[in-house]
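> dropping a prediction and its sequence here:
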Amino acid sequence: MAKNIEADNRTDAELVELSKSDPEIFGFLITRYQEKLFRYVRRISYFKTEDIEDTLQEVFIKVYKNLNDYDESLKFSSWIYRITRNQTVDQIRKNSKNSQVLSLDENDIGRLLKSASCPVKEFENRDSLEKARQAIQKLPEKYREVLVLRFLEEKDYEEIMDILKKPKGTIATLIKRGREKLEYKLAN
Amino acid sequence: MRDLSQKTINKIKEEQIKPKAKWKFLAEDLLIWSTLAFIVIFGALSFSIAYFFLTQLDWDVISFGWHMPFGMFFWLMPNFWILLLVVFLIGAIIIYRHTKHGYRSGTLTVIILALVFFSALGFATHLFKADRGLNNAFSNHIPGYVQLAGNKEKQWSQPNLGLLGGKILQVEEDGFELEDFQGEEWKVNVNQDTVIKPSAQLVPEETVKVIGKKESEKNFQAEEIRPWEGKGIMHGKNGGNRGSER
């Protein structure tokens, strides 16, 4: 417990350093990120809970193996999101034959609609909500993933750049076009 | 969701998973940066030799007899080295993208940066005349190199357009025998109107450039004779000796 309190006061970078010699300390980083990453994987994949947990365990093992590659010039959260995103994308490609329905909840859909400047009230009944869900699902992956990171994960452009490994200008363009495309799909 | 921390830590312990050693990541970085450095060096050399080829052309006769100077311009470009330069440029972009922060710069920025490095190092190489040395080495040791890359030879292998170059085989009273770059022998006539540039040596084994007119098969009337290197104006801006003053 004392160790736990100590861990709460430590930064991610400090925990990374300590984890290199003690895997138990790595557990604090897992605890700190598992729920955020669970939500993130759910938002960008079609996985069931157990599949997300398996994916995340793979992610944490990968992060642990690569602790010495962590570059402190970027946020640890950007680094772990990047690894999570890549692992999830790999997993999606492997399971591409499975049915693909995004698991976005009503709250997520509402936030994405707001990003596309759409009046949320129009999408309050079940049919409209389903229409909105399909519009989001039909967005090309490159737009959907930036919109999820920007408006659901609330990452800034710099972080999205580090997660997706794309220049900031490209990220800004993808977000702008993604919003326009979503707006268009909702209107038609 | 279930708590994954203990499950993951147990797996790490059971399978004795260890973080990959830092030196391995450093070695990977070093490999990427070294590859990039090699690409930049080779790109700079390509730039330098391409530039050297351009300086070797006689620009005052670039459109001789051609109705489309642009066509001539592209035909005489050091295309082999420009192609290599493009290959190294693409290589530099790809390798730079693999560096830790390479994704942060846009493609245009990377292209501009690579060209700045290629040209800066290329001009430095040109100043030290390393491009000339390399080109000579390639010409002497790589069969077919001159035919592939030699744009100066190309420029002076157009007798129909009045441009003929080659090695003097034998000097005669009214001119000389010349072997062109395709190995064909020509009789080059020199008369009193022919301008012979001061540094052009009309002696056997000397390579020269001749501006004039093809009179018949393998017979060429010289109007101006230049040394192979430069325009031969070291001793005078436009003039030279007349044929009769030799």
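Done, it's in. Numbering: from 1, shown residues only, chains lettered A, B, ... in the order given.
> after the strand or helix carrying A:Tyr143, next one along is what?
For A:Tyr143, the host element (DSSP states H and E) is helix A:141-147. The first helix or strand that comes after helix A:141-147 along the chain, using DSSP H and E, is helix A:157-164.
> and that next one, which residues are buried?
Residues of helix A:157-164 classed as buried: A:Glu159, A:Ile160, A:Met161, A:Asp162, A:Ile163, A:Leu164 (neighbour count, 16 or more other C-beta atoms under 10 Å in any protein chain shown). C-beta here means a position set from N, CA and C on the backbone, and glycine is covered the same way.
> out of those, who's near chain B?
Contacts with chain B within those, as defined by C-beta under 8 Å from any C-beta of the partner chain: A:Met161.
> ok so, going back, what's in contact with the helix holding A:Tyr143?
A:44, A:85, A:112, A:115, A:136-137, A:139, A:160, A:164, A:171, A:174-175, A:177-179, A:181-182 (C-beta atoms under 8 Å, 6 or more residues apart in numbering or on different chains).
> show me which of those residues are buried.
Buried among the contacts of helix A:141-147 (16+ other C-beta under 10 Å): A:44, A:85, A:112, A:115, A:136, A:139, A:160, A:164, A:171, A:174-175, A:178-179, A:181-182.
> which one of these is nearest to chain B?
If you rank these by distance to chain B using C-beta to the nearest C-beta, A:Leu164 comes first, at 8.2 Å.
> okay, now the domains of chain A?
A:2-94, A:106-187 (automatic domain parsing).
> now render those domains as CSV, adding mean pLDDT.
Below are the domains of chain A laid out as CSV (pLDDT from 0 to 100):
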stretch, mean pLDDT
domain A:2-94, 91
domain A:106-187, 84
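> is it true that B:Lys231 touches B:Asp60?
Yes: judged on C-beta atoms under 8 Å, B:Lys231 makes contact with B:Asp60 at a distance of 7.4 Å.
> the more surrounded of these two?
B:Lys231 (19 against 9; other C-beta atoms under 10 Å in any protein chain shown).
> which residues does that one contact?
Contact analysis of B:Lys231 by C-beta under 8 Å, 6+ apart lists B:Asp58, B:Asp60, B:Lys197.
> any idea which element the residue nearest the centre of chain A lies in?
For chain A, the residue nearest the mean C-alpha position is A:Tyr40 (3.3 Å; C-alpha atoms, centre = their mean). Using DSSP H and E, A:Tyr40 maps to helix A:23-44.
> packing partners for that helix?
Packing partners of helix A:23-44 (3 or more C-beta pairs under 8 Å, 6 or more residues apart in numbering or on different chains; DSSP states H and E): helix A:2-8, helix A:12-19, helix A:49-65, helix A:76-94, helix B:5-14.
> tell me the buried residues in the helix or strand B:Ile95 falls within?
For B:Ile95, the enclosing helix or strand under DSSP H and E is helix B:79-97. Residues of helix B:79-97 classed as buried by neighbour count (16+ other C-beta under 10 Å): B:Phe80, B:Trp81, B:Leu84, B:Leu85, B:Phe88, B:Leu89, B:Gly91, B:Ala92, B:Ile93, B:Ile95, B:Tyr96.
> nearest spatial neighbour of the fourth one, skipping sequence neighbours?
Ranked by C-beta to C-beta, 6 or more residues apart in numbering or on different chains and with sequence neighbours excluded, the top spatial neighbour of B:Leu85 is B:Ser46, at 4.3 Å.
> ok, the one you found to chain A distance?
Distance of B:Ser46 to chain A, computed by C-beta to the nearest C-beta, to the nearest Å: 27 Å.
> what about that residue, which helix or strand?
Assigned by DSSP H and E, B:Ser46 falls within helix B:22-56.
> what is the rounded mean pLDDT of that helix?
Helix B:22-56 carries an average pLDDT of 95.
> residues in contact with the residue nearest to B:Leu76 when sequence neighbours are not counted?
Leaving aside its sequence neighbours, B:Leu76 sits nearest to B:Asn151 (C-beta to C-beta, 6+ apart; 4.9 Å). Shown in contact with B:Asn151 (C-beta under 8 Å, 6+ apart): B:Phe53, B:Gln56, B:Leu57, B:Leu76, B:Met77, B:Pro78, B:Asn79.
> B:Thr125: which element?
Using DSSP H and E, B:Thr125 sits in helix B:107-127.
> same check on A:Ser21?
Using DSSP H and E, A:Ser21 sits in no helix or strand.
> and the gap between it and B:Ser34?
31 Å (C-beta to C-beta, to the nearest Å).
> ok, B:Pro227 touching B:Lys197?
Yes: the pair B:Pro227 / B:Lys197 is scored as a contact, 6.5 Å apart, by C-beta under 8 Å.
> now a ChimeraX select for only the buried ones of the contacts of B:Asn151.
The buried residues among these can be selected in ChimeraX (16+ other C-beta under 10 Å) with this line:
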select /B:53,56,57,76,78
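> include distance to B:Pro143 when you put the contacts of B:Asn151 into a markdown table, please.
Formatted as a markdown table, the contacts of B:Asn151 follow (distance: C-beta to C-beta, whole Å):
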| residue | distance to B:Pro143 |
| --- | --- |
| B:Phe53 | 19 |
| B:Gln56 | 21 |
| B:Leu57 | 24 |
| B:Leu76 | 23 |
| B:Met77 | 23 |
| B:Pro78 | 19 |
| B:Asn79 | 19 |
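> now for the contacts of B:Asn151: which two are most distant?
B:Gln56 and B:Asn79 (14.5 Å; C-beta to C-beta).
> show me which residues of chain B are close to chain A?
For chain B, the contact set with chain A under C-beta under 8 Å from any C-beta comprises B:1-9, B:11-13, B:17-22, B:24-25, B:100-101, B:103-106.
> now the buried members of these.
Buried members of the residues of chain B next to chain A, counted by 16+ other C-beta under 10 Å: B:Leu4, B:Ser5, B:Thr8, B:Ile9, B:Lys11, B:Ile12, B:Pro19, B:Phe25, B:Tyr103, B:Arg104, B:Ser105.
> right, I'll call it a day here.
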